[in-house]
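>>> Just the structure for this:
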Amino acid sequence: MPFSSYSFRKFTLDELPLERDTWVMDEAHMVEWETVWLKVIGGDEDASPYKVGCVTPIHIAEVTPAGAEISWYANTADRFHEIKTFLPRDAFVAAALAYEYEKRVSVFVRATWLRALHLRSNSIFAMIDAVDMTHAIKSGAISHEKVIRLRDALDEIAARHPYISFISFADSLLIKTNWTVGMVDTEVKYTYAPEGLFRLFKELQGLYRATLGLEIYGVFAQGSNEYYDDPLLHISEFRNHISLNSLGLPFAQISLIEAAARRAIRAGEHARMEIYMDEDLFHSLRFEDYERKSTWPSGPYKPKMSPEPGRYFYAMCDDLMSCIRIP
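Numbers count the residues shown, from 1 in each chain. Predicted coordinates:
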C-alpha cells in the first residue's frame with residue numbers, strides 16, 4: 001500500500017487542495033518517490049526527491065464527480081502559459097504530501113493520460129472580419145473582381161504559412177494553427193509561439209486594405225484540439241466537406257468575446273480596436289515590460305462552459321506588437 005508511513009499525508013481526489021501549487025507525476029515513479037522521501041526524512045543528506053521523475057505543475061480549480069478541472073502551467077520559464085484542462089477521475093492513482101518537508105501535494109496519475117496531455121496537439125483559433133462590409137456592399141464598393149483578387153491573394157499567403165489553416169469568406173476568415181507542449185525523451189517539442197499570428201494579422205490587414213479598401217479586426221483564442229494527432233484540416237474525397245478537426249467551443253468563445261466587445265463599443269466603454277483575445281492567450285504572450293502588461297485594458301465577458309467570469313483584452317495591432325517579443 002503506498003504511503004503507509006505516518007510521515008505522509010494521503011489525499012483522495014476529492015480531498016486535494018484547490019488553487020494551490022500541485023505537482024503531477026507518472027504513477028511509475030510513485031514507489032521511488034516515497035522511498036527517497038523516507039531517506040530524506042531519515043536524515044540522508046544525499047537523497048533528493050526532486051530528482052525523481054518529471055513534474056507537471058498544476059492548480060486544481062474544482063473537483064467534480066467526473067474528475068478535476070485543472071490549470072496546467074506548461075511554460076513558466078519565458079512566458080506564463082496556462083492551459084485549462086481536465087483530469088478524469090479514472091486517471092487519478094494517489095496523492096501524498098511529506099509532512100513538514102514539502103508544501104506541494106504530489107499527485108500520481110496514469111501514464112497514458114499524462115503522455116496524452118503532453119503529446120497531444122492544441123490549437124490557436126482566430127476570426128478575422130472586415131469592418132463595414134455591409135455598407136461597402138450597399139454602396140457598390142465591392143465587386144466580383146475585388147473578391148476574386150482577395151481570394152487569390154489569400155492563396156498566396158496560405159502557401160507561405162503551411163502550418164496555418166485558412167477558411168475564407170469574402171468578408172471574414174477563420175484561422176487555426178496547432179502547437180504542442182512536448183515531453184522529455186520524446187521527439188515532440190514545445191512549439192507554442194502565438195506572437196507570430198499578429199505579424200500575420202498585419203499581412204492580412206494590408207491585403208484587405210489593398211483589395212477591398214476595408215479595415216479588419218481579429219478575435220483570438222486558444223483551445224484544446226480534440227482530434228489530437230490529426231492534421232489542421234480534413235477535406236473529403238469529393239471536396240465538398242471541410243473539417244477543422246476541432247470542437248466548436250473555441251469558436252463559441254470567439255463569438256462571445258466579439259459580442260461583448262460590440263456591446264462595450266456601443267456603450268462607449270472603449271473604442272473600436274483591431275485585436276481582441278481571451279485572457280489565457282493574452283497572459284501567455286511574451287511582453288518586454290511586465291508593468292505594461294499588468295495595466296493592459298480589458299473588458300468582461302462570460303466564457304462558455306465556465307462558472308467564473310472571464311475577461312477579453314483589446315489592442316491596436318501596432319501597439320501590441322511594439323510591446324511583445326515577436327519570434
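
>>> quick one, what contacts residue 161?
By Cβ atoms under 8 Å, 6 or more residues apart in numbering, the residues touching residue 161 are residue 200. For glycine as for every other residue, the C-beta is placed from the backbone atoms N, C-alpha and C.

>>> pLDDT at it, what is it?
According to the prediction, residue 161 has pLDDT 96.

>>> Which residue ranges of the stretch 51-200 of the chain form strands?
56-64, 67-75, 81-88, 92-98, 105-109, 122-130, 164-168, 172-179 (DSSP state E, counting those that start in this stretch).

>>> Remind me what the fourth one packs against, helices and strands.
Other helices and strands packing on strand 92-98, by 3 or more Cβ pairs under 8 Å, 6 or more residues apart in numbering; DSSP states H and E, are strand 8-11, helix 30-41, strand 105-109.

>>> Kindly compare burial across these and name the winner.
Greatest average neighbour count among those goes to strand 105-109 (a mean of 24), per mean count of other Cβ atoms under 10 Å.

>>> tell me the mean pLDDT for that one?
98.

>>> quick one: contacts of that strand?
Contacts for strand 105-109 (Cβ under 8 Å, 6+ apart): 11, 16-17, 20, 22-27, 29-30, 33, 58, 87, 91-97.

>>> Tell me what angle that strand forms with strand 81-88.
60 degrees (axes from the mean of the first three to the mean of the last three Cα atoms, to 10 degrees).

>>> Now do the contacts for the residue nearest to the spatial centre of the chain.
Nearest to the mean C-alpha position of the chain, counting by Cα atoms, centre = their mean, stands residue 222 at 3.7 Å. Listed by Cβ under 8 Å, 6+ apart, the contact set of residue 222 reads 83, 122-125, 194, 250, 278, 280-281, 284.

>>> Residue 202 and residue 38, how far apart?
Between residue 202 and residue 38 the computed distance is 58 Å (Cβ to Cβ, to the nearest Å).

>>> Sort out which of the contacts of strand 105-109 are buried, if you could.
11, 16, 22-27, 29-30, 33, 58, 87, 91-97 (16 or more other Cβ atoms under 10 Å).

>>> hmm, back to that, name the helix or strand for the residue nearest to the centre of the chain, please.
strand 216-224 (DSSP states H and E).

>>> partners of that strand, with directions?
strand 122-130 (antiparallel), strand 275-278 (parallel) (DSSP bridges).

>>> about what we covered before: if the residue nearest to the centre of the chain is in a bridge, with which residues?
Bridge pairing for residue 222 - DSSP bridges - gives residue 124.

>>> Look at it and report its pLDDT.
87.

>>> cool, and residue 33?
96.

>>> ok so, going back, could you check the distance from the residue nearest to the centre of the chain over to residue 270?
Residue 222 is 22 Å from residue 270, by Cβ to Cβ.

>>> quick one, what contacts residue 198?
Counted by Cβ under 8 Å, 6+ apart, residue 198 has contacts 275, 317, 320-321, 324, 326.

>>> no no, residue 92
13, 67-68, 107, 109.

>>> Try it again at 10 Å.
11-14, 16, 24, 27, 63, 67-68, 107-110, 113 (Cβ atoms under 10 Å, 6 or more residues apart in numbering).

>>> Next, the buried residues of stretch 128-137.
128-130, 133, 136.

>>> hang on, the earlier thing: which one of the contacts of residue 222 is nearest residue 186?
The nearest member of these to residue 186, counting by Cβ to Cβ, is residue 122 at 15.7 Å.

>>> The closest one is in contact with residue 188, isn't it?
No: the criterion here is Cβ atoms under 10 Å, and residue 122 misses it with residue 188 at 11.7 Å.

>>> Give me the more crowded residue out of the two.
residue 122 (20 against 15; other Cβ atoms under 10 Å).

>>> so who does residue 32 touch?
Here residue 32 is in contact with 25, 49, 51-53 (Cβ under 10 Å, 6+ apart).

>>> JSON lines for those residues, including distance to residue 152 and pLDDT?
Formatted as JSON lines, those follow (distance: Cβ to Cβ, whole Å; pLDDT from 0 to 100):
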{"residue": "25", "distance to residue 152": "52", "pLDDT": "98"}
{"residue": "49", "distance to residue 152": "60", "pLDDT": "95"}
{"residue": "51", "distance to residue 152": "57", "pLDDT": "95"}
{"residue": "52", "distance to residue 152": "57", "pLDDT": "96"}
{"residue": "53", "distance to residue 152": "53", "pLDDT": "94"}
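
>>> Just the buried residues of those residues.
Buried among the contacts of residue 32 (16+ other Cβ under 10 Å): 25, 49, 52-53.

>>> And those, which is closest to residue 300?
residue 25 (36.9 Å).
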